[in-house]
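K.L.:
Have a look at this fold, sequence not included:
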């Protein structure tokens, strides 16, 4: 007879970072909690983000940006420079992105409770997506204005544009440095950083445009600099929307091939099939995995589970995994004792274990995905 058990994550049964409150009953070390015949689950949890450590740097960047933005708006209207006004508008989105990041960090730090079994960790991804959408919308408006000024360029005060843009370069370098000290593995923080970095490149383009207007009188240089900013905003916004969309759609993390990972799991000793394999991200930098593992009759389910957890952690960095481990081809009716035969059952191996495996089935040797 074999054992199928739900094994606690740590000796206490409930680690400090578990997603959600501990149940009313407790688990002693080594205690096994069954979940019906033929099923066993194991969980492992890991959290890489520390939002509290990032807030100080984000607040410093927010202060720099807000003060300079107010000055730039005034100078932009005085100089009649769309490039400066564009940069100021983008700095407004910079400030908004940092405020969103700070709010999202506070929400994400709240413990899981009630119906939110993962807590509010994806508030960070909502913030990142809002940043990306804001960049895309703003780029459309600024692109339209820049094209209009290419057709009919107004007079631009090149000296004011040049001096203000150079000051903006310094401010954005300082703000970018502050945010780079935060944890950029968070898509939320990365969104704020991309805003600042885009603004930095925009100020460099604006400074060049100011120098051109000042030395040659070519007023269209201001609109051309605005178009450069627009292209940078489109690039950054598209990346943020795409990456946040992948997390919302529960796609596998970038750089992880689920088919290759499934093939790697099925190569483990005693494993004869892997199906219902799902890989997603709870929030940026926090991958999760679940899978149904079938072990050869007579195999050690618990040893297989432990070895697969170690493989996932060391090779793929996935420490939040749920593995349901069963012996192949043997099922018991409710309340009956499950007996495992000594040798493999060829007919059972050939037939699917589940009616709907929700994705490819991985078996040893060549197979279709």
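P.N.:
Nice, thanks for sending it over. The structure presented is a predicted model; accordingly, all values stated were derived computationally and were not measured.
K.L.:
tell me what the longest strand seen in the chain is packed against?
P.N.:
As assigned by DSSP state E, the longest strand anywhere in the chain is strand 271-283. If contacts are counted by 3 or more CB pairs under 8 Å, 6 or more residues apart in numbering; DSSP states H and E, strand 271-283 sits against helix 220-248, helix 258-266, strand 286-295. Every C-beta, even on glycine, is put in place using the N, C-alpha and C of the backbone.
K.L.:
Mean pLDDT, mean neighbour count and distance to residue 76 added to the ones you listed, as TSV?
P.N.:
TSV is the format used below for the helices and strands packed on strand 271-283 (pLDDT from 0 to 100; neighbours: other CB atoms under 10 Å; distance: least, CB to CB, whole Å):
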stretch	mean pLDDT	mean neighbour count	distance to residue 76
helix 220-248	87	21	10
helix 258-266	93	19	49
strand 286-295	93	23	41
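K.L.:
and residue 152, which of the ones you listed is closest to it?
P.N.:
helix 220-248 (9.8 Å; CB to CB).
K.L.:
now the strands for this structure?
P.N.:
With DSSP E, the ranges of strands along the chain come out as 6-7, 32-33, 271-283, 286-295, 320-327.
K.L.:
Just name the most buried of those.
P.N.:
Stretch with highest mean neighbour count among the strands of the chain: strand 286-295 (a mean of 23; mean count of other CB atoms under 10 Å).
K.L.:
tell me which strands and helices that one is in contact with?
P.N.:
Helices and strands touching strand 286-295, by 3+ CB pairs under 8 Å, 6+ apart, are helix 258-266, strand 271-283, helix 301-316, strand 320-327.
K.L.:
who wins for proximity to residue 67 among these?
P.N.:
When the helices and strands packed on strand 286-295 are compared by CB to CB, strand 271-283 sits nearest residue 67, at 31.4 Å.
K.L.:
Compute the mean per-residue pLDDT across the closest one, please.
P.N.:
In this model, strand 271-283 has a mean pLDDT of 92.
K.L.:
Contact partners for the residue most central in space within the chain?
P.N.:
Nearest residue to the geometric centre of the chain (CA atoms, centre = their mean): residue 284, 2.3 Å. Residue 284 is in contact with 49, 124-125, 128, 185-188, 190, 243, 247, counting by CB atoms under 8 Å, 6 or more residues apart in numbering.
K.L.:
So the closest residue to residue 69 other than its chain neighbours versus residue 142, what's the distance?
P.N.:
The shortest distance from residue 69 to any residue other than its chain neighbours is 4.1 Å, reached at residue 91 (CB to CB, 6 or more residues apart in numbering). Distance from residue 91 to residue 142, counting by CB to CB, to the nearest Å: 13 Å.
K.L.:
And the helices and strands packed on strand 271-283: which comes nearest residue 101?
P.N.:
Residue 101 sits nearest to helix 220-248 of all the helices and strands packed on strand 271-283, at 12.0 Å, using CB to CB.
K.L.:
hmm, back to that, residue 316: which of the helices and strands packed on strand 271-283 is closest?
P.N.:
Proximity to residue 316 (CB to CB) singles out helix 258-266 among the helices and strands packed on strand 271-283, at 6.4 Å.
K.L.:
what about the helices in the chain?
P.N.:
55-79, 82-108, 123-151, 158-180, 187-216, 220-248, 258-266, 301-316, 346-350 (DSSP state H).
K.L.:
The ones you listed: lowest mean pLDDT?
P.N.:
The weakest mean pLDDT among these belongs to helix 346-350, with a mean of 42.
K.L.:
on that earlier part again, could you count how many residues lie near the residue nearest to residue 69?
P.N.:
Neighbour count of residue 91, defined by other CB atoms under 10 Å: 27.
K.L.:
Next one: it relative to residue 245, how far apart?
P.N.:
According to CB to CB, residue 91 stands 26 Å off from residue 245.
K.L.:
Relative to residue 172, how far out is residue 275?
P.N.:
Per CB to CB, residue 275 is found 50 Å from residue 172.
K.L.:
again, but for residue 304
P.N.:
As judged by CB to CB, residue 304 and residue 172 stand 53 Å apart.
K.L.:
The two: who's more crowded?
P.N.:
Using other CB under 10 Å as the criterion, residue 304 and residue 172 rank with residue 172 on top: 27 against 21.
K.L.:
Please list all residues in contact with the more buried one.
P.N.:
Residue 172 is in contact with 65, 196, 199-200, 203, counting by CB under 8 Å, 6+ apart.
K.L.:
Which among the helices and strands packed on strand 271-283 is found nearest to residue 363?
P.N.:
Residue 363 lies closest to helix 258-266 among the helices and strands packed on strand 271-283, at 6.1 Å (CB to CB).
K.L.:
what bridges to the nearest residue to residue 262 once chain neighbours are set aside?
P.N.:
Nearest residue to residue 262, sequence neighbours excluded (CB to CB, 6+ apart): residue 362, at 3.9 Å. Following DSSP bridges, residue 362 is listed with bridge partners residue 274.
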